[in-house]
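> Here is my input, please return the structure:
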Amino acid sequence: MGREKRDGTWWVYMIACRGGKVYTGTAKDPQERFRTHREGKGAAFTRANPPQVLLRCVAYRTRSEACRAEAALKKLPRKGKLAWATGGSGG
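Below you'll find the predicted structure:
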């Protein structure tokens, strides 16, 4: 069995940050990762733009699927990101 089959569930999540900015990431446990960001231990972006609210989390079967989805989200214009955050496809 390949590594991809053992990955388990990975999540793409989006956080609303101070100043109206949004942060998108991947994690095995998005709630725990959000807490890490709020504690100032996460990404440099969230240290500079403190997280306010976890907007949305979507599950993927593997890390590589989640990373591809995250990369696609990050390429969207702000309007598309916000559409995804509110339950739309964003595309």
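> Please count neighbours and contacts with C-alpha atoms only from this point.
Noted.
> now residue 78: how far from residue 39?
26 Å (Cα to Cα, to the nearest Å).
> Can you point out the buried residues in the longest helix seen in the chain?
Longest helix in the chain by number of residues (criterion: DSSP state H): helix 63-75. Neighbour-count burial for helix 63-75 flags 63, 65, 66, 67, 69, 70, 73, 74 (criterion: 16 or more other Cα atoms under 10 Å).
> Can you tell me which of these is nearest residue 49?
residue 74 (16.6 Å; Cα to Cα).
> Helix or strand for residue 79, just tell me which one.
helix 78-85 (DSSP states H and E).
> how about that helix: buried residues?
Applying 16+ other Cα under 10 Å to helix 78-85 flags 80, 81, 82, 84, 85 as buried.
> do stretch 37-44 as well
So stretch 37-44, judged by 16+ other Cα under 10 Å, has buried residues 37, 38, 40.
> Same question for stretch 46-54.
46, 49, 50, 51, 52, 54.
> now swap in stretch 17-30 and tell me
Applying 16+ other Cα under 10 Å to stretch 17-30 flags 17, 22, 23, 24, 25, 26, 27, 28, 30 as buried.
> Tell me which two of those sit farthest apart.
Of all the pairs that those form, the one spanning the most space (Cα to Cα) is 17 and 28, at 20.7 Å.
> returning to that earlier point: quick one: which of the buried residues of stretch 37-44 has the lowest pLDDT value?
Among these, residue 40 carries the lowest pLDDT, at 93.
> Which parts of this structure are helices?
Under DSSP H, the chain gives helices at 3-6, 30-38, 44-48, 63-75, 78-85.
> right, and those - which one's nearest residue 12?
Using Cα to Cα, the helices of the chain put helix 63-75 closest to residue 12, at 5.9 Å.
> list the helices and strands the closest one packs on?
Counting contacts by 3 or more Cα pairs under 8 Å, 6 or more residues apart in numbering; DSSP states H and E, helix 63-75 is packed against strand 10-17, strand 22-27.
> Using a markdown table, lay out the buried residues of helix 63-75 together with pLDDT and distance to residue 11.
A markdown table is the format used below for the buried residues of helix 63-75 (pLDDT from 0 to 100; distance: Cα to Cα, whole Å):
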| residue | pLDDT | distance to residue 11 |
| --- | --- | --- |
| 63 | 97 | 8 |
| 65 | 98 | 9 |
| 66 | 98 | 6 |
| 67 | 98 | 9 |
| 69 | 98 | 10 |
| 70 | 98 | 9 |
| 73 | 97 | 13 |
| 74 | 96 | 15 |
